[in-house]
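> Let me see the structure of the following:
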Amino acid sequence: MCDILVATPKATKDKVMLFAKNSDRDPNEAQILEIIPRQRHEEEKVELTYVEFPQVKETYAVILSRPWWMWGAEMGVNEFNLAIGNTAVFTKEKIPQKGVLGMDIIRLALERTKTAKEALQFIIGIIESYSQGGSGSYEHKMLYSNSFMIADPKEAWVLETAGKNWVAKKIKSVYSISNALTLHNNWDLASESVEKLANKPNFSFTRHFSDRFYTYFAHGRERRNFTYKKLEEKEGEITLEYMMGILRSHSFEPYSPQKGSMRDICMHYGGLARPSQTASSQISEISELGEKSFHWFTGTSIPCLSLFKPIFFETPLELGEKPTNKYNSNSYWWRVERFHRTFQTNYRAYVREFSEERNELQREIIERTRGLQENENKQELVKWAFEVEKEFINKWEKLIVPGRLPFLYGLRWREVNGEAGLK
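Below is the predicted model of the structure:
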């Protein structure tokens with residue numbers, strides 16, 4: 001499950017485009033944060049997660065956050081400050097066992113297009129000419145259509161699909177999507193198939209195509225209502241810090257992971273009724289002035305327990321070994337994940353003081369990044385930001401006294417940890 005928010009320059013305090021996403025996956029489904037440079041290609045085909053796709057002569061530089069096992073990405077941005085993310089949406093359309101994953105579509109568009117409008121048309125071309133398909137989960141069979149949020153410095157679009165049917169709307173001020181269709185009959189563009197259906201009285205894309213059962217239990221509508229209301233409340237004054245606050249929010253406070261729900265924006269694993277956990281988060285500040293564009297990633301799970309760090313295209317990432325679904329102390333994602341799982345055993349006892357210190361460190365990272373001069377060393381800045389988080393975690397690991405989880409909740413976590421080889 002996922003949540004994506006966009007605030008256009010009209011809605012933000014600093015008159016920049018803000019793109020934000022929480023990527024929710026199975027708890028052991030680590031994400032790889034990586035920078036892929038611009039590349040030349042000689043081969044005719046590229047191997048996606050499940051199928052081959054025509055290759056191009058050159059692909060653009062991208063920053064991606066992707067599940068460890070797939071070719072595509074949950075979210076990312078390219079060298080032209082184009083950001084894209086997707087969410088699963090559950091529709092009545094049959095999705096094939098093999099096809100182009102929504103995450104593959106994101107990476108293809110980021111590597112091959114420069115603007116939001118160009119990316120929109122590119123993605124539509126894939127939706128109409130190929131089949132969305134393949135399981136979006138490593139551990140389970142999970143077939144779904146996709147909604148996409150696409151943003152560049154000047155404009156943003158939301159694209160919602162049901163199989164090969166689609167509708168798109170240009171975002172004028174603020175918008176958010178979760179795991180449910182949102183566009184009824186208020187789109188700007190639509191597929192021919194939808195245009196024909198729209199001749200029927202009271203036609204709604206959302207009502208016509210939504211699968212009620214899966215949409216209900218994903219609680220995407222409730223999460224979307226929450227995020228959209230939050231954006232509307234600060235329209236014209238939305239900041240990076242405000243977006244971070246939304247991505248770190250829960251459906252109730254004071255929060256307790258064992259009592260959380262699928263309504264949480266910052267998702268904590270909770271067993272059968274709440275099988276997802278936020279695996280990584282991104283916020284991009286996108287400006288027509290390139291030096292005012294910043295891309296912030298946690299590169300770790302659970303944003304309420306993580307720091308957003310600045311990532312630059314020209315600075316290599318030193319995050320140890322690439323994570324898989326098995327615990328690896330030499331992987332940054334898993335190093336932090338081990339701490340997060342310990343912290344959650346006694347969350348309520350420590351979260352207030354922890355959050356106050358986290359917020360202070362986050363302010364320090366933002367201020368230093370904002371004050372970065374053109375000739376300053378960006379690689380040292382990125383390295384420093386990750387070191388700050390490491391030191392923060394090391395300090396709190398020594399302070400935490402693990403708690404005792406409720407029986408069933410603790411049993412679920414023991415199973416998950418056992419599957420990862422985490423003791």
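> What ranges does this structure have for its helices?
When secondary structure is read from DSSP state H, the chain shows helices at 102-112, 116-129, 192-197, 205-209, 212-218, 220-233, 240-247, 332-343, 347-370, 378-399, 407-420.
> Out of the ones you listed, which is closest to Cys304?
Shortest distance between Cys304 and the helices of the chain, using Cβ to Cβ, is found for helix 347-370: 7.3 Å. Quick note: C-beta positions are derived from backbone N, CA and C, even for glycine.
> Endpoints of stretch 60-73, how far apart?
Length of stretch 60-73, first residue to last, Cα to Cα, to the nearest Å: 15 Å.
> still on that earlier bit, if you average pLDDT over each of the helices of the chain, which is lowest?
Lowest mean pLDDT of the helices of the chain: helix 212-218, a mean of 84.
> which one of the helices of the chain is the most hemmed in?
helix 102-112 (a mean of 25; mean count of other Cβ atoms under 10 Å).
> and it with helix 116-129, angle?
If you take axes from the mean of the first three to the mean of the last three Cα atoms, to 10 degrees, helix 102-112 sits at 130 degrees to helix 116-129.
> what comes into contact with helix 102-112?
36, 48-49, 53, 56, 59-60, 62, 64, 66-67, 70-78, 82, 84-86, 88, 100, 119, 122-123, 126-127, 132, 136, 144-146, 148, 150 (Cβ atoms under 8 Å, 6 or more residues apart in numbering).
> what's the answer for stretch 36-52, then?
With Cβ under 8 Å, 6+ apart as the test, stretch 36-52 has contacts from 53-62, 64, 69-72, 79, 98-101, 103-104, 108, 111, 130, 133-134, 313.
> Please pick the buried ones from the residues you listed.
Neighbour counting with 16 or more other Cβ atoms under 10 Å marks 53, 59-62, 64, 70-72, 79, 99-101, 103-104, 108, 111, 130, 133-134, 313 as buried within the contacts of stretch 36-52.
> Filter those down to the ones in strands?
Phe53, Thr59, Val62, Leu64 (DSSP state E).
> Of these, just say which sits nearest to Lys92.
Phe53 (26.6 Å).
> Enumerate every residue touching the closest one.
With contacts defined as Cβ under 8 Å, 6+ apart, Phe53 is in contact with Lys45, Val46, Val100, Asp104, Leu108, Tyr130.
> Export those as CSV, with columns for distance to Trp413.
Shown next, in CSV, are those (distance: Cβ to Cβ, whole Å):
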residue, distance to Trp413
Lys45, 42
Val46, 38
Val100, 34
Asp104, 31
Leu108, 36
Tyr130, 39
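> which of those lies closest to Glu291?
Once Cβ to Cβ is applied, the member of the contacts of Phe53 that ends up nearest Glu291 is Leu108, at 28.3 Å.
> can you tell me how far the closest one sits from Gln55?
According to Cβ to Cβ, to the nearest Å, Leu108 stands 10 Å off from Gln55.
> Check Arg223 too.
For Arg223, the distance to Gln55 equals 37 Å [Cβ to Cβ].
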